[in-house]
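Peer 1: Attaching a predicted model along with its sequence, questions to come.
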Amino acid sequence: MDYKITACVDENYITGDVHIRVVEKVKKPYWEEKTVTETSEQPKLDANGDEMYGPVLDEYGDPVYDDDGEPMEETVMETVTTSRIVKKRKYKLNEYVRYDSKKDGPEFSFASKLTRKMHIEVIIPGATGEDGLAAEYLESGCVGLLIEHRRGTVGGFGQ
């Protein structure tokens, strides 16, 4: 499809050049990598792969005995720290200025085989108030946008 975008203004109320920009915002995927470290308690193993046992100690460090007078034993635990990389797919929004009337002339024509989202920014000359909004004392005027499209031809519009 061929596209053509033109604009006109009501010169009785809007003086000066109206600035038009066509911006395409494209999401680009990327991978965010994060290292995650986890710690856990596991039984300590000897050379044969068997669990190791040690005496149960009281708060003073003395061995604890059972009812038969035998020292009590417990599994010896060790702290194991493991690290792994976790990948998460994220998207970044990139802006591409496809047309700028200050640089590219009064009208914008292009051909596209894809469906695209284009943002048309119309910047009107004059005083601006807070947050870029028009000041209240200005009179209103009209800006007309004509967006044409047709099936693509070799020569484009006008041929």
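Peer 2: In hand now; what should we look at? Numbers count the residues shown, from 1 in each chain.

Peer 1: Tell me which helix or strand in this structure has the weakest average pLDDT.
Peer 2: Taking mean pLDDT, DSSP states H and E as the measure, the chain has strand 108-111 as its least confident helix or strand, at a mean of 79.

Peer 1: Show me what it packs onto, helices and strands only.
Peer 2: The contact analysis (3 or more C-beta pairs under 8 Å, 6 or more residues apart in numbering; DSSP states H and E) places strand 108-111 against strand 2-9, strand 77-100. C-betas here are computed from N, CA, C, even on glycine.

Peer 1: I'd say residue 5 and residue 145 touch.
Peer 2: Yes: taking C-beta atoms under 8 Å as the definition, residue 5 is a contact partner of residue 145 at 6.8 Å.

Peer 1: Spit out the residues that contact the two alike.
Peer 2: The contact sets of residue 5 and residue 145 overlap at residue 120 (C-beta atoms under 8 Å, 6 or more residues apart in numbering).
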